[in-house]
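Student: Predicted model and sequence below, questions to follow.
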Amino acid sequence: MLRRRVAILISGRGSNMVSLIEAARAPDCPAEIALVLSNRPDAAGLERAREAGIATCVIDHKAHPTREDFEQAVDATLASHGISFICLAGFMRVLTDWFVERWAGKMVNIHPSLLPLYRGTHTHRRALEDGVLLHGCTVHFVVPELDAGPIIAQAAVPVVPGDTEESLAARVIVQEHRLYPQALRMVCDGSARLENGRVVFARGWDASGALLSPG
Ligand code: GRF
């Protein structure tokens, strides 16, 4: 089996990164996590990646005069590690159109909301303010517009009375850790692929169930 060499880009604690690294240990996983790259030298996820035996690299955006300059350095590093696919996992830099187009169809992100609801930041707070009873997370291909790319997979959780931003975030992140490895597997084995700006799925799935909230 040909395994795609994947880089995970992080800026913080890296809990999604850990879930991807663990899933990629399965012998039948079509992805190999070959590099973890952080734009922040103090990202806690770097140490977790090293402990897992994954190559790490810091490219500090503050050490680069422009966004383009920073991205050129990132791109060169990815090339030198033979990377063919990128997972953004809590990577807190907005990427330029140049970088996004260079990696079109080969870069995915996880976002903590049921897109297209709540693009951007503070997704849990905004969901609570709106009184929605379902919330969740989305894995999508990255396009130049922020959090607007074609959707590969989503997971929904209930919002319950008394929820705080923290309790809701904790419920969502559990599902992020399930969803992201599944989505990575789908894009790397070709069961979900980008065609004319839409995701095409190679298999059907059970559509009989529903998550009711209140259940
Ligand atoms: C996650 O909630 C993810 O959806 C968002 O940033 C957060 C990263 O958390 N893009 P972690 O670093 O993976 O723990």
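Tutor: Arrived safely, thanks for sending.

Student: Now do the contacts for Leu2.
Tutor: Pro30 (CB atoms under 8 Å, 6 or more residues apart in numbering). All C-beta atoms are positioned from the backbone trio N, CA, C, and that covers glycine.

Student: So is whichever strand or helix holds Leu184 next to the ligand?
Tutor: Element membership for Leu184, per DSSP states H and E: helix 165-188. Yes. Shown here: helix 165-188 in contact with the ligand (CB under 6 Å from any ligand atom) through 173, 176.

Student: now stretch 151-163
Tutor: No. Applying CB under 6 Å from any ligand atom, one finds stretch 151-163 out of contact with the ligand, separated by at least 11.0 Å.

Student: how close does the closest residue to Met1 other than its chain neighbours get to Met107?
Tutor: In this structure, Met1 finds its nearest non-sequential neighbour in Pro30, 6.5 Å apart by CB to CB, 6 or more residues apart in numbering. Here Pro30 is placed at a distance of 16 Å from Met107 (CB to CB, to the nearest Å).

Student: now Ile8
Tutor: 11 Å.

Student: list residues touching both of these two?
Tutor: Going by CB under 8 Å, 6+ apart, residues that sit against Ile8 and also against Met107 are 86-88.

Student: which among those residues are in contact with the ligand?
Tutor: Near the ligand, by the rule CB under 6 Å from any ligand atom, you find none of the shared contacts of Ile8 and Met107.

Student: So which of those is the closest to Arg3?
Tutor: Cys87 (14.1 Å; CB to CB).

Student: Which of the helices or strands spans the closest one?
Tutor: Going by DSSP H and E, Cys87 is in strand 85-88.

Student: circling back: neighbour-wise, which one of the shared contacts of Ile8 and Met107 leads?
Tutor: Using other CB atoms under 10 Å as the neighbour criterion, Cys87 leads the shared contacts of Ile8 and Met107 with 27 neighbours.

Student: who's in contact with that residue?
Tutor: Per CB under 8 Å, 6+ apart, neighbours of Cys87: 6-9, 17, 20, 107-110, 180, 184.

Student: Near the ligand, which residues of the protein are found?
Tutor: 10, 12-17, 45, 89-90, 110-112, 137, 173, 176.

Student: Of the residues you listed, which belong to helices?
Tutor: 15-17, 45, 173, 176 (DSSP state H).

Student: Any idea what Ala192 is bridged to?
Tutor: Note on Ala192: beta-bridge partners by DSSP bridges are Phe201.

Student: from here on, count from 26
Tutor: With the count now opening at 26, the last piece we talked about shows up as Ala217.

Student: how close does Ile79 get to Thr163?
Tutor: In terms of CB to CB, Ile79 sits 25 Å off from Thr163.

Student: What residues are bridge-paired with Glu57?
Tutor: Arg30.

Student: which ones are touching it?
Tutor: Contacts of Glu57 by CB under 8 Å, 6+ apart are 28-31, 49.

Student: change it to 10 Å
Tutor: Counting by CB atoms under 10 Å, 6 or more residues apart in numbering, Glu57 touches 27-31, 49-50, 79, 110, 213.

Student: Could you check how far it is from His106?
Tutor: 11 Å.

Student: Show me the common contact partners of these two, please.
Tutor: With CB under 10 Å, 6+ apart as the test, Glu57 and His106 both reach Arg30.

Student: shaky segments in the protein?
Tutor: Within the chain, no stretch falls below the threshold (pLDDT under 70).
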